[in-house]
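Peer 1: The following comprises the amino acid sequence and a computationally predicted model.
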Amino acid sequence: MKLSLLPLLVVSYLSAAQPLEQFNEDRTLTDKRLMIGLGSWATANFIASGIGWATVSEGEAHYFHQMNVLWNTVNLGLAIPGYLKAKKGSHDLTLEETKKAQRKTENIFLINTGLDAVYVTSGFMLRGLAKQDFTKKEQYNGFGNGIILQGGFLLFFDLTAYAIHKHHASNSLNKTEKTIEMSSSGLGLKWHLGTKPFSEKQVFL
């Protein structure tokens, strides 16, 4: 008995959509976990250095804790909205929308990695200025150490986040993309089922 064209098209659409939806779900889940990690680091630093800033007398440690508090106030301001955005992220995306979202995510973390390297460098520059201006030696050293610590963490964080997303795309999205391709005639959809033995089905419009 021949199947009508419409049911075959529906099956084709569902077969293509399910892997993409799973990929996008995993991508947003990764972002949520990353934002929880950033928020946890920020909260721990905020509390510890908040106590240090309030209790340590004037000196290098005082400025170190002050910088940590200010820096992690910004981190919390990024982590909370980032988590909420990832939580509301849509999973029902087309292949092109998925690829665009993936590129955007990778680029954000890659650009941030470059900025983090600048932060670390600026921290060392402040420590260098401390050797030239003895009147602000403690402040420069304290701020410099704080920036080196926070910038170093963000460098590790953003580089790790980029690597995770890149690996996820290489393992999942690229394979999914290969299962969704136009037929050689350009008039239909072709999807592959299984690997051994390799088989495919094709529907023409």
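Peer 2: Received it, and whenever you're ready, just let me know what you need. Predicted, not measured: the structure shown is a model, and the values here were computed from it. Residues are numbered from 1 along each chain as shown.
Peer 1: can you give me the offset of the longest helix anywhere in the chain from its chain's centre?
Peer 2: Secondary structure assigned by DSSP state H gives helix 5-55 as the longest helix of the chain. Put simply, helix 5-55 sits 8 Å off its chain's centre (C-alpha atoms, centre = their mean, to the nearest Å).
Peer 1: List the residues that contact Leu34.
Peer 2: Each residue near Leu34 by C-beta atoms under 8 Å, 6 or more residues apart in numbering is listed here: Gly82, Phe157, Ala161, Ile164. Every residue, glycine included, has its C-beta placed from N, CA and C.
Peer 1: And for Leu76?
Peer 2: Gly39, Ala42, Thr43, Phe46 are the contacts of Leu76 under C-beta under 8 Å, 6+ apart.
Peer 1: which residues does the residue most central in space within the chain contact?
Peer 2: In the chain, the residue lying closest to the centroid (C-alpha atoms, centre = their mean) is Ala161, at 4.8 Å. Neighbour list for Ala161: Leu34, Phe109 [criterion: C-beta under 8 Å, 6+ apart].
Peer 1: Distance of it relative to Ala86?
Peer 2: The spacing between Ala161 and Ala86, counted by C-beta to C-beta, to the nearest Å, is 12 Å.
Peer 1: Please apply the same query to Gly114.
Peer 2: Separation of Gly114 from Ala86 (C-beta to C-beta): 22 Å.
Peer 1: So these two - more neighbours on which side?
Peer 2: Set Gly114 next to Ala86 and count neighbours by other C-beta atoms under 10 Å: Ala86 wins out with 19 against 10.
Peer 1: Check whether the more buried one sits in a helix, strand or coil.
Peer 2: helix (DSSP: H, G, I helix; E, B strand; the rest coil).
Peer 1: That one contacts Asp31, correct?
Peer 2: Yes: counting by C-beta atoms under 8 Å, Ala86 does reach Asp31; the two are 3.7 Å apart.
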